[in-house]
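have a look at this prediction, sequence included:
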Amino acid sequence: AQRVTQPEKLLSVFKGAPVELKCNYSYSGSPELFWYVQYSRQRLQLLLRHISRESIKGFTADLNKGETSFHLKKPFAQEEDSAMYYCALSGGYQKVTFGTGTKLQVIP
Amino acid sequence: DVKVTQSSRYLVKRTGEKVFLECVQDMDHENMFWYRQDPGLGLRLIYFSYDVKMKEKGDIPEGYSVSREKKERFSLILESASTNQTSMYLCASSPGTGGYTFGSGTRLTVV
């Protein structure tokens, strides 16, 4: 069985402060991990995936197989980063399991 | 530029009604999915399809069925709507690999 855990429902940070959204997973094979973001009144969209090893909107995420984690990080939060963030894991048939989401609130 | 289209943004239905939620994608993707999104529960997979006329149960298929007669269209059917099916329903599609493209969602209220 595949499972994704996001321990924080809400994360509030001040503008300019570092951000870390936590994600832990459980999967017996080699997972593909993603972060999705949903801005207010917009559709859910892919932010980044671990195999791309890229930085999107200043966000990065590193897959740590030893700790089974895929935390999302940004060194300096911006107000426009306020959104709902979902960590997701892909197993077979492209079936993706999502975490429960973390709402990021950036305080001006 | 819309790639995945869900036919209704808001729906209000009565308990016991049969409800159809439609989803169309124009990216020629093989895989299509239906999720429901509830606060505190995240996204939960209802059904998915990796080919025309193929369907697989997700994690919460009870009370739902699906239809995929054409590659671009994936329909979710609530056989007899109940109040606990009040939710936001999200359709998504993907190619053989890679991430999903989501529709804008259908907020269904069952009264």
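All right, it came through fine.

which secondary structure element of chain A has the lowest mean pLDDT?
Ranking every helix and strand in chain A by mean pLDDT, DSSP states H and E puts strand A:96-98 at the bottom, with a mean of 90.

tell me how many other residues crowd A:Thr68.
15 (other C-beta atoms under 10 Å in any protein chain shown). In this view, the C-beta of every residue, glycine as well, is placed from N, C-alpha and C.

how close does B:Gly96 get to A:Leu46?
Between B:Gly96 and A:Leu46 the distance is 16 Å, computed by C-beta to C-beta, to the nearest Å.

B:Thr5 now?
In terms of C-beta to C-beta, B:Thr5 sits 18 Å off from A:Leu46.

mind checking the end-to-end distance for stretch A:62-75?
Stretch A:62-75 has its terminal residues 14 Å apart, counting by C-alpha to C-alpha, to the nearest Å.

please identify the buried residues of that stretch?
Going by neighbour count (16 or more other C-beta atoms under 10 Å in any protein chain shown), the buried part of stretch A:62-75 is A:Leu63, A:Ser69, A:Phe70, A:His71, A:Leu72, A:Lys74.

give me the residues contacting stretch B:89-100.
Identification of contacts with stretch B:89-100 by C-beta atoms under 8 Å, 6 or more residues apart in numbering or on different chains yields A:34, A:36, A:44, A:46, A:49, A:94, A:96, B:3-4, B:6, B:21, B:23, B:25, B:27, B:29-37, B:43, B:74, B:76, B:101-103, B:105-108.

okay, and the beta partners of residue 38?
The chain I'm using is chain A. Under DSSP bridges, the beta-bridge partners of A:Gln38 are A:Met84.

I was thinking of chain B, sorry if that wasn't clear
When assigned by DSSP bridges, B:Asp38 has beta-bridge partners B:Gly42.

and residue 9, what does it touch?
Chain wasn't specified; assuming chain A. The neighbourhood of A:Lys9, defined by C-beta under 8 Å, 6+ apart, consists of A:Thr100, A:Gly101, A:Thr102, A:Lys103, B:Gly40.

sorry, I should have been clearer: chain B.
B:Ser104, B:Gly105, B:Thr106, B:Arg107.

just confirm the first one contacts A:Arg43, I think it does.
By that I understand B:Ser104. Yes: counting by C-beta atoms under 8 Å, B:Ser104 does reach A:Arg43; the two are 4.6 Å apart.

would you mind checking the contacts of B:Arg9 for buried ones?
Buried, going by 16+ other C-beta under 10 Å: B:Gly105, B:Thr106, out of the contacts of B:Arg9.

what does A:Asp81 show for phi and psi?
Main-chain dihedrals, A:Asp81, degrees, to the nearest 10: phi -80, psi -10.

can you tell me the SS state at the residue nearest the centre of chain B?
Central residue of chain B (C-alpha atoms, centre = their mean): B:Trp34, 3.2 Å from the mean position. Under the three-state scheme (DSSP: H, G, I helix; E, B strand; the rest coil), B:Trp34 adopts strand.
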